[in-house]
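J.: Structure for the following, please:
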Amino acid sequence: MRKIVLCLAGLLFITGCVTIGKKPVSTSATGTGTVTVAAVPTPVATNTPPAAPAPANPPPPALPAITPAAAEKPATPPAPQPAVQPAPPPETKIKHAAIGAAVTVSSTSKKYPTELPPSVLVDGDLTTRWSSEYAEPQTIEVKLEKPMKLAKIRLHWEDAVATKYSLSVSSDGKSWNGMYAFMKTDAKPVPRVDDIALNGVSAGFIKLDLTGRVSPEWGFSLYEIEVIPAE
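T.: Presented below is the predicted three-dimensional model:
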């Protein structure tokens, strides 16, 4: 009888296995209490595939389509402009009533090759020049081929212009009538043309008295003494 009691007491410390569904449940007893521990259920396999991972760099959203602008019409080219004609070269040859006349001067410089005899004063060439010696006063006399009525005289000066001079006419080369006097002390050393109106006076000789120079280092220099008769 005593052995049976001991056996029953020992059974209280024996852990029994109880089957729940298909999983065992561990049960332990201490003293008079019983503790039941449920086993973790095994996951049931399914046929659902795993979700695809999100891409690291998602593509940018598509931009809306751009409608091309209508092509602009080409600008109308400007109308061609007429060609600009170059200015005619300056006249270098002239005709007048004193061409070939006799010329007498008080002096002629020969310092430079371009300083020519006084006959070039009435050759009709505006590129040839006479120059006096580098002093003042100086005189120029022109004997016309025959006496005539004069409308005007043009003096074509080189750079060595006169700042002061007078013009006289004569019928015999002895008695002179003053017709014109010029004085311009601030004249510039540049070529110029002096128009001297004579209003139809009759003359066979013309004289220039040159008394003022534009530079003390030069004389007086003229390209041409142009004589224009009255009509």
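
J.: low-confidence ranges in the protein?
T.: The model of the chain has pLDDT under 70 over residues 1-73, 81-85, 87-88.

J.: biggest strand in it by residues?
T.: strand 192-213 (DSSP state E).

J.: which stretches of the protein form strands?
T.: 16-20, 23-30, 33-37, 102-105, 115-116, 129-131, 138-157, 162-170, 177-183, 192-213, 221-229.

J.: about what we covered before: tell me the helices and strands packed up against the longest strand of the chain.
T.: With contacts taken as 3 or more CB pairs under 8 Å, 6 or more residues apart in numbering; DSSP states H and E, strand 192-213 sits against strand 138-157, strand 162-170, strand 177-183, strand 221-229. Placement of C-beta: from N, CA and C, glycine included.

J.: Dump those into CSV; add distance to residue 117 and mean neighbour count as well.
T.: Below are the helices and strands packed on strand 192-213 laid out as CSV (distance: least, CB to CB, whole Å; neighbours: other CB atoms under 10 Å):
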stretch, distance to residue 117, mean neighbour count
strand 138-157, 12, 18
strand 162-170, 20, 21
strand 177-183, 25, 14
strand 221-229, 13, 21
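
J.: Compile the ones you listed into TSV and extend it with columns for distance to residue 115.
T.: TSV is the format used below for these (distance: least, CB to CB, whole Å):
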stretch	distance to residue 115
strand 138-157	13
strand 162-170	16
strand 177-183	23
strand 221-229	8
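
J.: closest one to residue 193 among these?
T.: Closest approach to residue 193 among the helices and strands packed on strand 192-213 (CB to CB): strand 138-157, 5.5 Å.

J.: picking that back up, among the helices and strands packed on strand 192-213, which is nearest residue 198?
T.: That would be, of the helices and strands packed on strand 192-213 and by CB to CB, strand 138-157, which comes in at 4.2 Å.

J.: quick one, domains of the chain?
T.: Listed domain ranges for the chain are 2-37, 102-229 (source: automatic domain parsing).

J.: buried stuff in the longest strand of the chain?
T.: Applying a neighbour-count criterion of 16 or more other CB atoms under 10 Å, one finds 194, 198, 203-213 buried in strand 192-213.

J.: Pick the one among those residues closest to residue 143.
T.: Closest to residue 143, out of all of these and judged by CB to CB, is residue 205, at 5.6 Å.
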